[in-house]
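Kindly generate the corresponding structure for this input.
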Amino acid sequence: MLRVLFVVAGLTVSFSPVALAQSLQAAAPAVALAAASADPIPREARAQARRDCYGENVALSGDDLRQAMRNCMQARFPGVQLYAADGLTRDGKPTAATARAVCKQQADARKLAGSERTAALVACFNEKRPDLAQRAECRKEARGKGLDGEALRSAIAECARGGQG
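Purely as a prediction, here's the structure:
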């Protein structure tokens with residue numbers, strides 16, 4: 001009961017006209033900055049907005065928190081597609097989940113099993129999302145070198161950039 005009270009109180013405060021006006025004023029510089037850069041929204045602005053949105057929805061958890069965060073972030077950056085929609089990423093590529101699902105349907109239609117199925121799934125996914133396949137190879141190589149944490153992330157990013165160029 002106490003949790004419900006906190007949620008209702010949080011929603012009341014977050015949807016009040018004053019809070020809404022403050023959040024829109026806070027988002028205005030970030031939106032202006034996003035329009036000036038090649039990246040839809042600068043990483044620092046996204047991180048700050050994420051922290052603010054989480055602070056507004058701290059009483060929520062699970063799917064409720066996920067939906068509240070999406071709504072809050074989209075409200076802070078109107079007109080910018082922040083999330084994948086209809087199975088496509090912001091840049092028009094199929095999402096990894098969509099690509100996997102299509103590949104599984106193709107393998108099912110061909111009635112593949114065992115190692116043939118695995119090979120067909122890998123080849124299909126690599127064809128649909130070569131960028132993610134490249135990152136997976138980079139990750140495998142970096143882990144083979146014993147890298148972990150930030151060193152692993154930077155090695156994967158450097159390797160993936162080298163593979164795209």
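
would residue 92 count as being in a helix?
No - counting by DSSP: H, G, I helix; E, B strand; the rest coil, residue 92 falls outside a helix, being coil.

Tell me where the protein has helices.
Remark: helices assigned in the chain by DSSP state H are 2-14, 17-36, 43-56, 62-76, 96-109, 114-128, 130-144, 149-164.

Nearest to residue 82, out of those helices?
Among the helices of the chain, the nearest to residue 82 by Cβ to Cβ is helix 62-76 (5.6 Å). (C-beta placed from N, C-alpha, C; glycine too.)

per-residue confidence averaged over the closest one?
On average, the pLDDT along helix 62-76 is 89.

what's the closest non-adjacent residue to residue 97?
residue 87 (7.8 Å; Cβ to Cβ, 6 or more residues apart in numbering).

right, I mislabeled it, should have said residue 132
That would be residue 96: by Cβ to Cβ, 6+ apart, it lies 5.9 Å from residue 132.

what about the one you found, how many neighbours?
Residues lying near residue 96 (other Cβ atoms under 10 Å) number 14.

quick one on the thing from earlier: thought the residue nearest to residue 97 was touching residue 93?
No - the pair residue 87 and residue 93 fails to qualify as a contact (Cβ atoms under 8 Å) at a distance of 9.9 Å.

between these two, which one's more packed in?
residue 93 (17 against 13).

OK, contacts around that one?
Residue 93 is in contact with 129, 131, counting by Cβ atoms under 8 Å, 6 or more residues apart in numbering.
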